[in-house]
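Participant: Would you be able to build a 3D model of this:
(one chain, ligands or ions: 2)
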Amino acid sequence: MKNTALAQWRAKQKSTGIWSNLPDIHLAELLGRSGADWICFDLQHGLMDYSALTHLLPAVCGLPITPLVRVAANQPEQIGKALDVGAHGVIVPMVNTAEEAHQAATACRYPPDGLRSCGPMRDSMLEGFDYLESANNEIACIAMIETTDGLANVDSIAGVDGVDALFVGPMDLCYGLGLTPGDFDNPKFRDATAAILTACESNQCAAGMFGYTPALAAKSLAEGFDFASIGTDISFARTGMSQALRTVQGDTQADTNKKNVGY
Ligand code: 3PY
Ligand code: MG
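Facilitator: Numbering: from 1, shown residues only. Ligands and ions are numbered 1, 2, ... in the order given. Modelled structure (predicted):
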């Protein structure tokens, strides 16, 4: 297998992602054809379960987009199952310490590099033993920094062997900093993201941002982040509906949608 998003991060090329929260294979295919570099199916907060994932991943197979999965928790069983059904990387929420990051990284890799159990159902259907040979180098392990502990330990987390990227969860990070979620211009939030960037730079780890708004995604990329998600299926639908309403009815109706933008 070849992970093009990981290759972009290694080459320090900026890249963008799309977030999938709704379990519809046609929508997944549409997102897969968007031109973004990667797509993340969200098993933590998305309205989908593992059974849906088994249909969603094949819907983007063969499209020029890297399929990632955000697992619901940092558990080797969940990481293994996401990889076995065809994810080319996992985004692991709420990583607090280097030990937790190490656990995630080893769950992504076969021995001798890690502890992943052998049973790559979907990829081996497509690639046979070639998958086993390439997987350890091509699977991406992405640790989310979104807690106070994660922030305090960010340098050691970024330095863990096998962690390819850190990914900021801006809403949980706001909670951790005692801020109102969405207060992304607050100096405390800006200092925290600067510290995450510094840790990534000094540990040759890629830095990513969940683009809760397109503005946050653009700003983060301009400030030095390597990759950012630019929106979700739900946010794209909502934005499109708002724009249509605004065009036809004026601002009043559309304004009611403003508070919801993001997911
Ligand atoms: C966060 O903002 O905390 C996230 O995890 C994005 O879903
Ligand atoms: Mg979060």
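Participant: what about the residue of the stretch 1-150 of the chain at minimum distance from ligand 1, neighbour count?
Facilitator: Of all residues in the stretch 1-150 of the chain, the one sitting closest to ligand 1 is residue 146 (4.7 Å; Cβ to the nearest ligand atom). (Each C-beta comes from the backbone N, C-alpha and C, glycine too.) Per other Cβ atoms under 10 Å, the neighbour tally for residue 146 reads 24.
Participant: can I assume it is in contact with residue 92?
Facilitator: No: using Cβ atoms under 8 Å, residue 146 makes no contact with residue 92, being 10.7 Å away.
Participant: Get me the contact residues on this structure for ligand 2.
Facilitator: 146, 169, 172 (Cβ under 5 Å from the ion).
Participant: what residues are up against the last one?
Facilitator: Okay, so that is residue 172. 94, 146-147 (Cβ atoms under 8 Å, 6 or more residues apart in numbering).
Participant: Going by distance to residue 130, which of the residues you listed wins?
Facilitator: Lowest distance from residue 130 to the contacts of residue 172 (Cβ to Cβ) belongs to residue 94, with 33.8 Å.
Participant: got the phi/psi numbers for the closest one?
Facilitator: Per-residue torsions, residue 94: phi 50, psi 50 (degrees, to the nearest 10).
Participant: What about it, how many residues nearby?
Facilitator: 17.
Participant: ok, and the closest non-adjacent residue to it?
Facilitator: residue 147 (5.7 Å; Cβ to Cβ, 6 or more residues apart in numbering).
Participant: I figured that neighbour was touching residue 97, is that so?
Facilitator: No: Residue 147 sits out of contact with residue 97 when judged by Cβ under 8 Å, with a separation of 9.9 Å.
Participant: Which of those two has more residues huddled nearby?
Facilitator: Ranked by neighbour count (other Cβ under 10 Å), residue 147 and residue 97 place residue 147 first, with 19 against 16.
Participant: In contact with that one, which residues?
Facilitator: Counted by Cβ under 8 Å, 6+ apart, residue 147 has contacts 94, 96, 172-173, 176.
Participant: Compile those into CSV and extend it with columns for distance to residue 107, pLDDT and secondary structure.
Facilitator: Listed next are the contacts of residue 147 as CSV, based on distance: Cβ to Cβ, whole Å; pLDDT from 0 to 100; DSSP: H, G, I helix; E, B strand; the rest coil:
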residue, distance to residue 107, pLDDT, secondary structure
94, 15, 98, coil
96, 16, 98, coil
172, 21, 97, helix
173, 24, 98, helix
176, 24, 97, helix
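Participant: Which residues are in contact with the closest residue to ligand 2 within the stretch 101-250 of the chain?
Facilitator: Across the stretch 101-250 of the chain, no residue is closer to ligand 2 than residue 169, which sits at 3.2 Å (Cβ to the ion). By Cβ under 8 Å, 6+ apart, the residues touching residue 169 are 93, 144-146, 210.
Participant: Please verify my assumption that residue 131 contacts residue 121.
Facilitator: No: with contact defined as Cβ under 8 Å, residue 131 does not count as touching residue 121 (10.4 Å).
Participant: Mind checking which of these two has more residues around it?
Facilitator: Counted by other Cβ under 10 Å, residue 131 and residue 121 do not tie: residue 131 has more neighbours, with 16 against 12.
Participant: Can you tell me the SS state at that one?
Facilitator: Secondary structure for residue 131, judged by DSSP: H, G, I helix; E, B strand; the rest coil, is helix.
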